[in-house]
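K.L.:
heads up, no residue letters with this:
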């Protein structure tokens, strides 16, 4: 089996799975309970938080555990809106954000918020000038993803952060869910206020996310109740998932450098192979994240290619927008100016450190045959 | 280039014949504080301690050294083979690591090898000219330059340094003998412990716990606090005194207004006995004048009446805010404010006497089996040696950390 769909989700590390099981067997107490079982779970929780904070080089008090990337993004966006609506109702984002961001903003538009969607160039990148021009007195939030999930474009987050240092009251949110696999360095620029990660994208469990929230920055709670997570996100903590997440993050960060070099190699190998075909367009920019390769084969709908490869035991995906029948206006490719007849055909390969060169070669061989076959049919 | 850290002493240099003992102690304390980094090698000389990093992370070690008492200042240094070419290359290399645009610099050489072919002036101007030639952004400035490149010409090699960090000052922990600290888990007592350590005192921390009236977390907190204090250079012995029986007895036998005074006197008696058994010379407390009923001068006098041992109260004259400021600086504040029941809150009378009478205190104490109570408490002490915050948390969380 060749699994090239790591941007959708990754396989859990066996070590993390082991932690998940052990914690749920031996540390099953509620961290809020006073007795020894509660205290042990609480200690494990706080050690996990400490470990995550150390890995991200921030303080423990700035790390919140959520149910995933979607919750993190929803919390920051709606939480900002709820707490700052008196100050202003203008929000800036890009036109290529993940739907957990764009749909949250759509909801806010129904409540009278105004959203500026920054356009992107043909490589999927926003422009700093356009961002600068979009900033208004009533802007309360700028939300920009770090790495695009469909084509792997890396947004100029550092530069945005530098620009926003001149606007200290605007909340700056970075959806970094795809960043962890494809960037050599994960660092949180001091001007970033909110930074969202999702455990299942780095070989952790599904259902756990990490939100970095800078000390002093406030967002309203979306989940109220028992006052867990420093009183800002109530609900009994998923201790097993959180411990497994801390472990996955540690392993991921330790092997990051090698892993990025490795996936880049696989990507470049397949990229240069595909480049030879005249009827294949590649949409991932050259300087994109190491683990994502998006391309389209003319006249062959993405879905068809996905299933054809599946038959050969190779698993890839259409880019998320093309999975629906029609390219929606939020699709990254659409925003990059790719015509529908092409974007419908786009597929995404996404690699992990576990993929091998043999697998890449296998893909290349299968693709050669498929290409010949599809050309005949057309 | 091989990196080392050169440590300079402050007050130590005035210790005359005792200097060696002070340096040995400081070296031991550094060793303990850098327990996490087995690759380092510590070497002592009469004027300096040198730490060879051997790949240990410089930035973390710098942060740790800043906390250890007895260090006046320190610098990361490079050891360069004794050839002028190597030195010249190294000087350029260290400067190139810095932001140089518009900056000023000077070369500051010293010679302990007086047979070296060039004297300090020669070296200053040779190296200075070289830097100017290679990095035209830089300008020479003798007074308060942005970059000061210090070159020491030693017998066997050159030492090169560009940065100097200030240490914590004070005396190496362990050079002033042992003291027993009454550690409650509040904000004040860890600060008192810290200030005692600053003057070279090795701490034995005594904590009174009254399960089930006090929680295991409350006891744990005092161990965590003790572990924090080890960062300043020194092993801390943590002693848990079982205090429930005494508190129950006092609660039933003593009129409410006097329970606090008598509780404190019992604590001090036990602490003093521990001091004696552990060959310590004084008792340290976090008492601060006027803060609570037990800390009026009248109360302190009556409580103090049980012993002749010197009782040192480093924070006695400080305001709460001043104490909090130190607690934040030494990173004990967040631990101290964790809300767990401790034995001070649980048996606290509604209106304790702020001006207790000694004769009444003695009369009431007559109703208690004093010797028996104290003996039983002393027989059941739990002693934990805490060597370093890291080692302690490793031990404590071995099982937890295996999971992460």
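P.N.:
Cool, the structure landed. Predicted model only: the values in this text are computed from it and were never measured.
K.L.:
next one, pLDDT for the closest residue to residue B:336 other than its chain neighbours please.
P.N.:
Excluding the flanking residues, the one nearest residue B:336 by Cβ to Cβ, 6 or more residues apart in numbering or on different chains is residue B:187, at 4.5 Å. Heads up, the C-betas are built off the backbone N, CA and C, glycines and all. Looking at residue B:187, its pLDDT reads 95.
K.L.:
hang on, residue B:187 packs against residue B:328?
P.N.:
No - judged on Cβ atoms under 8 Å, residue B:187 makes no contact with residue B:328 at a distance of 9.6 Å.
K.L.:
out of those two, which sits in the busier spot?
P.N.:
residue B:187 (21 against 14; other Cβ atoms under 10 Å in any protein chain shown).
K.L.:
and the strands in the stretch 301-404 of chain B?
P.N.:
For the stretch 301-404 of chain B, the strands defined by DSSP state E, counting those that start in this stretch cover B:311-312, B:382-386.
K.L.:
just name the most buried of the ones you listed.
P.N.:
With neighbours defined as mean count of other Cβ atoms under 10 Å in any protein chain shown, the strands of the stretch 301-404 of chain B peak in mean count at strand B:311-312, which reaches a mean of 20.
K.L.:
mean confidence for that one?
P.N.:
In the prediction, strand B:311-312 has an average pLDDT of 97.
K.L.:
partners of it in the sheet?
P.N.:
Strand pairing for strand B:311-312, determined by DSSP bridges: strand B:282-284 (parallel).
K.L.:
now find how far off-centre the worst-scoring helix or strand of chain A on mean pLDDT is within its chain.
P.N.:
In chain A, the helix or strand scored least confidently by mean pLDDT, DSSP states H and E is helix A:179-182, which has a mean of 85. The gap between where helix A:179-182 is centred and where its chain is centred comes out at 8 Å by Cα atoms, centre = their mean, to the nearest Å.
K.L.:
now swap in stretch A:246-263 and tell me
P.N.:
Its chain's average C-alpha position is 16 Å from that of stretch A:246-263, according to Cα atoms, centre = their mean.
K.L.:
can you check stretch A:132-143 too?
P.N.:
23 Å.
K.L.:
need the contact list for the most centrally placed residue in chain A.
P.N.:
Chain A has residue A:177 as the residue nearest its centroid, 2.3 Å off, counting by Cα atoms, centre = their mean. When contacts are counted by Cβ atoms under 8 Å, 6 or more residues apart in numbering or on different chains, residue A:177 is found next to A:69, A:98, A:145, A:149, A:196-198, A:201.
K.L.:
quick check: residues of the stretch 301-404 of chain B near chain A?
P.N.:
Contacts of the stretch 301-404 of chain B with chain A, taken as Cβ under 8 Å from any Cβ of the partner chain, map to B:397, B:400-401, B:403-404.
K.L.:
got it, and chain B?
P.N.:
So far as Cβ under 8 Å from any Cβ goes, chain B lies against chain A at B:215-217, B:397, B:400-401, B:403-404.
K.L.:
can you map out the strands along the stretch 51-200 of chain B?
P.N.:
For the stretch 51-200 of chain B, the strands defined by DSSP E, counting those that start in this stretch occupy B:71-81, B:104-111, B:139-140, B:147-153, B:157-161, B:165-169, B:178-182.
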